[in-house]
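A.B. asks: show me the folded form of this:
(2 chains)
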Amino acid sequence: MSTGTTKLDVVVSDVVPVNELVTRFHFRRRDGQLLPTFSGGAHVVVEMRDGERTRLNPYSLMGSPLDTREYTISVRRDDAGRGGSLFMHRHVRPGMEMVISYPVNLFSLDLRASKHLMLAGGIGITPFMAQTAQLAADGGNFELHYTCRTASLGTYADVLRERYDRRVRLYHDDRDERIELDRLLSSQPLGTHLYVCGPSGMIGWVCDRAAALGWPAETVHFEHFAAPQPGAPFDVMLAVSGKTIRVGEQQSLLEAIEAAGVDPPYLCRGGVCGQCETNVIAHDGKFIHNDHWLSEEEHRSCKKIMPCVSRFEGRSLVLER
Amino acid sequence: MGITFRKETFRDDFTFKNSPEHIRRFPFPFHEDSYMYAVNIEPHVLGPKGSVLENLIDVDEHYVAEMQDRALVLAEDPLRCQSLPHMTLAGWDLLELLMEQQALGYPEHFSLTRDGDRWRWINRPLGIDDSFTFGDVSTLPYGPMEYITRQSQGDFCILDQRDGNLWMDAGMVTTQADWSLDFDIGMNFFEWHAPVPLAHEKGIFVRALKFLTNIQQGKPARRLNWTMTINPRLDTSPENYHKWGPDRTTVTPENVGDKVHLRVELQSFWRLPRSNGIVFPIRCYLIKMDELVTQPKWARRLHRVIRDLPEELANYKGLTRYRATLVEWLSKLDDGSPTSPGFGPD
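C.D. replies: Predicted structure coming up:
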């Protein structure tokens, strides 16, 4: 029942530096047709041919869902990361042909909400760019609170203020401005839904306070893409395909499986969607689970692993792949 | 050349029939001589020419008559069409999908021209030519879902996706096998499937939900389901049980061939782009036993499937009262010889 991913052949139509850390990339279809319609909060997986290796990174679509002539993503350069954002910044130029996935939305608006309260931290602003455009076009009620380190790193803060004026509230770390979260969460009209996207510390803080203040879990939505963490290399035996592979320090288990020519399904590559869930046949060692898909009980059972973000330390691991 | 649409009824005098070409394209649902639930979901991709999968949204010779029957059902019971307030955007998604697919598959009958959000839709079999603004409900005579599903064969459930579940929050349901939209509206996937026997214990719904919530845009999926209906009645709803329930007592060895129909649902699942919902078209195909047994392989196989069906399933599908009569009738057409693999006739 693998769903696989449909691919889109695109050309980079523009590359726009936004500030010292963030660059925006525009994609159009190579055949000149319109791109598929998407919903606010959707992401695409961008394939990067980086020498011998293929990198696959998810990025939120940040354009208006009403305009499908092009897709835009914004990539924050991560000098300490695994290299995907550096590749985008250093090597991707206008006119380059690339392959991206169809849009997938794992951070959808709940259209029942009487009001959408959005909290963004840093580059976590990108899905809200699309969601606010979608809501604004239809008279939707939203309010956006956006924290950034400094005004110059407040990616699209100026654009958002201009578009939505007082519906956008900015907070700058260097000026010691903080969201008054408890007051904010305690003063919302009934039927409000809460959305948060940003660093994991911020997501945890907001979700905890919302729960403590009585927000039903169904009204709290978060986008929690975990980037695959580097770690010590380890060996894995793939029982179905009969291959033994080595997972490198900077490589995810999913990437190592793909490099061996085995093609598990995936959608988010961030430990959220559940597509690449893999059964463990045997193990002698310790799992390092980094996903948000399996339950704590499943983590403890050592019977499943999400190879997109999770790793293993120990003597041997046999997977059903 | 186009389709020749039949003039026929699905009630009162029941003049519904399949032409010989339509008998051969009937989506016979059994690939082997027995039946048990499975998560029988596969990608909804184009199939062979001359099959019901020649287009992803199938239009056939019963189109006009089915739309007339739908209008009669809605006039008697408007609650067969419901859309909760947050589902209007999904209705537009569905309108786009059905207009595009019907115009693509049957250009001689349907055409769609788009200029930004100004659209023109021509439906020749039903004599419709409407210009409207996509996204503006005031420019159509009905809401977007009702408008397009009054012009599309099959029932349509639109499912909202949230909290890791699917919610039956809109639909047009007039050709159903004994379930009620008015009862199920607002329910989640497990709630509306609660009456199905055996499948919960097998964990089928947990796996099916995991699959469905991951359906992607541009990658629809499908499955077949089946039951049996006495007389070619499209509207076998709980609301109208008093009209069709007693039909089950009217089956005799003499009228099996004419009265007993195999009812197959081609269910497909599509991700909707703007709303991130899922639409679940349930397309009903009917074939009477006399028509079905013109294909000897289908006659032999159906005999074995109905004879060996677990009792819980026979009860759930409502076959109990006439099962023995049907099996006896079919047994005369089963010489015990093997059947070839696959669904199709020999």
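A.B. asks: ok, residue 261 - contacts?
C.D. replies: Let's take chain A. Contact partners of residue A:261, counting by CB atoms under 8 Å, 6 or more residues apart in numbering or on different chains, are A:241, A:243. All C-beta atoms are positioned from the backbone trio N, CA, C, and that covers glycine.
A.B. asks: switch to chain B, please.
C.D. replies: Residue B:261 makes contacts with B:228, B:229, B:230, B:231, B:232, B:286, B:287, B:288, B:289, as judged by CB under 8 Å, 6+ apart.
A.B. asks: also residue B:160?
C.D. replies: Counting by CB under 8 Å, 6+ apart, residue B:160 touches A:111, A:112, B:86, B:87, B:90, B:166, B:167, B:169, B:170, B:275, B:277.
A.B. asks: distance check, the fifth one against chain A.
C.D. replies: When CB to the nearest CB, to the nearest Å is applied, the distance between residue B:90 and chain A equals 8 Å.
A.B. asks: my read is that that residue contacts residue B:277, right?
C.D. replies: Yes: Residue B:90 lies in contact with residue B:277 (CB atoms under 8 Å); the separation is 4.2 Å.
A.B. asks: quick one: common contacting residues for these two?
C.D. replies: Joint contacts of residue B:90 and residue B:277 (CB under 8 Å, 6+ apart) are B:158, B:160, B:169.
A.B. asks: per-residue confidence at the residue of the stretch 151-300 of chain A found nearest chain B?
C.D. replies: Residue of the stretch 151-300 of chain A nearest chain B, by CB to the nearest CB: residue A:218 (5.0 Å). pLDDT for residue A:218: 94.
A.B. asks: for it, give me its contacts.
C.D. replies: For residue A:218, the contact set (CB under 8 Å, 6+ apart) comprises A:110, B:162, B:163.
A.B. asks: same question, residue A:316
C.D. replies: So, once contact is read as CB under 8 Å, 6+ apart, residue A:316 ends up touching A:235, A:237, A:282, A:283, A:284, A:285.
A.B. asks: that one - that's part of a strand, no?
C.D. replies: Yes: checked against DSSP: H, G, I helix; E, B strand; the rest coil, residue A:316 lies within a strand.
A.B. asks: please report how far it lies from chain B.
C.D. replies: Look at residue A:316 and chain B: by CB to the nearest CB, they are 29 Å apart.
A.B. asks: residue B:36 is in contact with residue B:310, correct?
C.D. replies: Yes: using CB under 8 Å, residue B:310 makes contact with residue B:36 at a distance of 7.5 Å.
A.B. asks: more neighbours: the two, which one.
C.D. replies: residue B:310 (14 against 11; other CB atoms under 10 Å in any protein chain shown).
A.B. asks: low-scoring stretches of chain B, by residue?
C.D. replies: Low-confidence segments of chain B (pLDDT under 70): B:1, B:37-39.
A.B. asks: what comes up buried for the biggest helix by length in it?
C.D. replies: In chain B, with assignment by DSSP state H, the single longest helix is helix B:88-105. Within helix B:88-105, the residues scored as buried using 16 or more other CB atoms under 10 Å in any protein chain shown are B:88-99, B:101-103, B:105.
A.B. asks: what's the burial count for residue B:184?
C.D. replies: Neighbour number of residue B:184 under other CB under 10 Å is 18.
A.B. asks: from chain A, how far out is it?
C.D. replies: Distance from residue B:184 to chain A, by CB to the nearest CB: 18 Å.
A.B. asks: likewise for residue B:124?
C.D. replies: Distance, residue B:124 to chain A, using CB to the nearest CB: 27 Å.
A.B. asks: let me know the pLDDT of the closest residue to residue A:123 other than its chain neighbours.
C.D. replies: Spatial nearest neighbour of residue A:123, chain neighbours left out: residue A:76 (4.1 Å); criterion: CB to CB, 6 or more residues apart in numbering or on different chains. Residue A:76 carries a pLDDT value of 95.
A.B. asks: residues contacting residue A:76?
C.D. replies: For residue A:76, the contact set (CB under 8 Å, 6+ apart) comprises A:21, A:22, A:85, A:122, A:123, A:155.
A.B. asks: same thing with residue B:71?
C.D. replies: Neighbours of residue B:71 in contact, by CB under 8 Å, 6+ apart: residue B:150.
A.B. asks: doesn't it lie inside a strand?
C.D. replies: No: applying three-state DSSP, one finds residue B:71 to be helix, outside a strand.
A.B. asks: returning to that earlier point: how far away is the residue nearest to residue A:123 from chain B?
C.D. replies: 25 Å.
A.B. asks: which residues touch stretch B:181-198?
C.D. replies: In contact with stretch B:181-198 (CB under 8 Å, 6+ apart) are residues B:37, B:79-82, B:84, B:157, B:159, B:165-169, B:171, B:173, B:179, B:199-200, B:205, B:208-209, B:212, B:238-239, B:310, B:312-313, B:315-316.
A.B. asks: most neighbours, which of the contacts of residue A:76?
C.D. replies: When neighbours are taken as other CB under 10 Å, the top entry among the contacts of residue A:76 is residue A:155 (25 neighbours).
A.B. asks: now do the contacts for that one.
C.D. replies: Taking CB under 8 Å, 6+ apart as the test, what residue A:155 contacts is A:18, A:19, A:22, A:74, A:76, A:122, A:123, A:125, A:148.
A.B. asks: let's see that with 7 Å instead.
C.D. replies: A:18, A:19, A:22, A:74, A:123, A:125 (CB atoms under 7 Å, 6 or more residues apart in numbering or on different chains).
A.B. asks: just the closest of those to chain B, please.
C.D. replies: residue A:125 (20.1 Å).
A.B. asks: ok, the closest one touching residue A:156?
C.D. replies: Yes: here residue A:125 reaches residue A:156: they are 5.9 Å apart, a contact under CB atoms under 7 Å.
A.B. asks: with neighbour numbers in mind, choose between these two.
C.D. replies: Taking neighbours as other CB under 10 Å, residue A:125 and residue A:156 compare with residue A:125 leading, 27 against 23.
A.B. asks: interface residues of chain A facing chain B?
C.D. replies: Within chain A, the positions near chain B by CB under 7 Å from any CB of the partner chain are A:1, A:3, A:5-6, A:36-39, A:65, A:102-105, A:108, A:110-112, A:218, A:267, A:273-275.
A.B. asks: quick one: residues contacting residue 282.
C.D. replies: Let's take chain A. Counted by CB under 7 Å, 6+ apart, residue A:282 has contacts residue A:318.
A.B. asks: not quite, I wanted chain B
C.D. replies: B:154, B:155, B:157, B:265, B:267.
A.B. asks: also residue B:232?
C.D. replies: B:10, B:14, B:16, B:261, B:286, B:288.
A.B. asks: so which strand or helix has residue A:23?
C.D. replies: strand A:22-29 (DSSP states H and E).
A.B. asks: what do you get for residue A:45?
C.D. replies: Counting by DSSP H and E, residue A:45 is found in strand A:42-50.
A.B. asks: what helices and strands are in contact with that strand?
C.D. replies: Here strand A:42-50 touches strand A:53-60, helix A:84-91, strand A:97-101, strand A:104-105, going by 3 or more CB pairs under 7 Å, 6 or more residues apart in numbering or on different chains; DSSP states H and E.
A.B. asks: winner for burial among the ones you listed?
C.D. replies: The highest average neighbour count among those, using mean count of other CB atoms under 10 Å in any protein chain shown, belongs to strand A:104-105 at a mean of 24.
A.B. asks: distance between that strand and the chain's centre?
C.D. replies: Here the centre of strand A:104-105 is set off from its chain's centre by 10 Å, with CA atoms, centre = their mean, to the nearest Å.
A.B. asks: tell me which residues in the following helix or strand past it are buried?
C.D. replies: Beyond strand A:104-105 in the direction of the C-terminus, DSSP H and E gives the next helix or strand as strand A:115-121. Within strand A:115-121, the residues scored as buried using 16+ other CB under 10 Å are A:116, A:117, A:118, A:119, A:120, A:121.
A.B. asks: these: which two are farthest apart?
C.D. replies: A:116 and A:121 (16.9 Å; CB to CB).
A.B. asks: show me the contacts for the closest residue to chain A within the stretch 201-346 of chain B.
C.D. replies: The minimum distance from the stretch 201-346 of chain B to chain A, using CB to the nearest CB, falls at residue B:273 (3.8 Å). By CB under 7 Å, 6+ apart, residue B:273 lies in contact with A:36, A:37, A:38, A:39, B:93, B:217.
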